[in-house]
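[1] generate a structure from the sequence data that follows.
(2 chains)
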Amino acid sequence: NAGVTQTPKFQVLKTGQSMTLQCAQDMNHEYMSWYRQDPGMGLRLIHYSVGAGITDQGEVPNGYNVSRSTTEDFPLRLLSAAPSQTSVYFCASSPGVGIGIYSPLHFGNGTRLTVT
Amino acid sequence: GENVEQHPSTLSVQEGDSAVIKCTYSDSASNYFPWYKQELGKGPQLIIDIRSNVGEKKDQRIAVTLNKTAKHFSLHITETQPEDSAVYFCAAPGTYKYIFGTGTRLKVLA
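    Here you go, the predicted model:
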């Protein structure tokens, strides 16, 4: 079991470029999510998915798109990178996160993104 | 709205001493409270969690206590060791998500 795998580990973009951060899990988890981590601000939810074909916005969704065509994969797309998107991005999965049903999150090791 | 406050933001203790980190939450319907440890360059990892039908849970040197009336829960680490140095996050459930505290950087001084 690899758990949650994120690629790449590091990325530098110029303002206006686009890219996709990859996330894959091999635990057959229905729930997947993307967080960004900035100093002093904890982990903020960008987008989440409760199952294949279903996605929804989190706390800070602007500038990001997601899709969930399979249970295993949940890519995060930056449409036009901005310096404010410089951050560490974490993908996390869980057997279930919903009303009355809460299981722990399993995190990947993150992608460190710098936008110049 | 849903909110989790975590204190302190940094904590330094001597090796062998105890460390306590406290979180408060706003949604009285919350019923599951996990704690995560994040080491440098890695993602957060679950270290202990508690559900609202118990007031305390222990796992070796780590314990979590929950006070539902006051809406706060705390992480207790006893006999701290250098490998306990890390950033710790508390979390509380929101609607189809978790809300995280802003983290506590724990330094255990040898």
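[2] for chain B, which residues are neighbours of chain A?
    With the criterion set to C-beta under 8 Å from any C-beta of the partner chain, chain B comes near chain A through B:6, B:9, B:31-32, B:34, B:36, B:41-46, B:49, B:89, B:93, B:95-98, B:100-103. C-beta here means a position set from N, CA and C on the backbone, and glycine is covered the same way.
[3] point to the residue nearest the middle of chain A.
    With distances taken as C-alpha atoms, centre = their mean, the residue of chain A nearest its centroid is residue A:34 (2.4 Å).
[4] quick check: chain neighbours aside, which residue is closest to that residue?
    Ranked by C-beta to C-beta, 6 or more residues apart in numbering or on different chains and with sequence neighbours excluded, the top spatial neighbour of residue A:34 is residue A:46, at 4.3 Å.
[5] list the contacts of the helix or strand where that neighbour lies.
    Here residue A:46, judged by DSSP states H and E, is contained in strand A:43-51. Counting by C-beta atoms under 8 Å, 6 or more residues apart in numbering or on different chains, strand A:43-51 makes contact with A:30-38, A:55-61, A:64-66, A:68, A:71, A:74, A:76, A:89-90, A:97-98, B:44, B:89, B:96-98, B:100, all of which sit outside it.
[6] what's the closest non-adjacent residue to residue 16?
    Picked chain A for this. Excluding its sequence neighbours, the residue lying closest to residue A:16 (C-beta to C-beta, 6+ apart) is residue A:80, at 5.4 Å.
[7] that's the wrong chain, I wanted chain B
    residue B:79 (5.8 Å).
[8] measure that neighbour to residue A:116 for me?
    Residue B:79 sits 46 Å away from residue A:116 when distances are taken as C-beta to C-beta, to the nearest Å.
[9] the bottom helix or strand of chain B by mean pLDDT?
    Taking mean pLDDT, DSSP states H and E as the measure, strand B:97-100 is the helix or strand of chain B with the lowest mean score, a mean of 92.
[10] gap between the very next helix or strand once past that strand and the chain center?
    On the C-terminal side of strand B:97-100, the closest following helix or strand by DSSP H and E is strand B:104-109. The gap between where strand B:104-109 is centred and where its chain is centred comes out at 13 Å by C-alpha atoms, centre = their mean, to the nearest Å.
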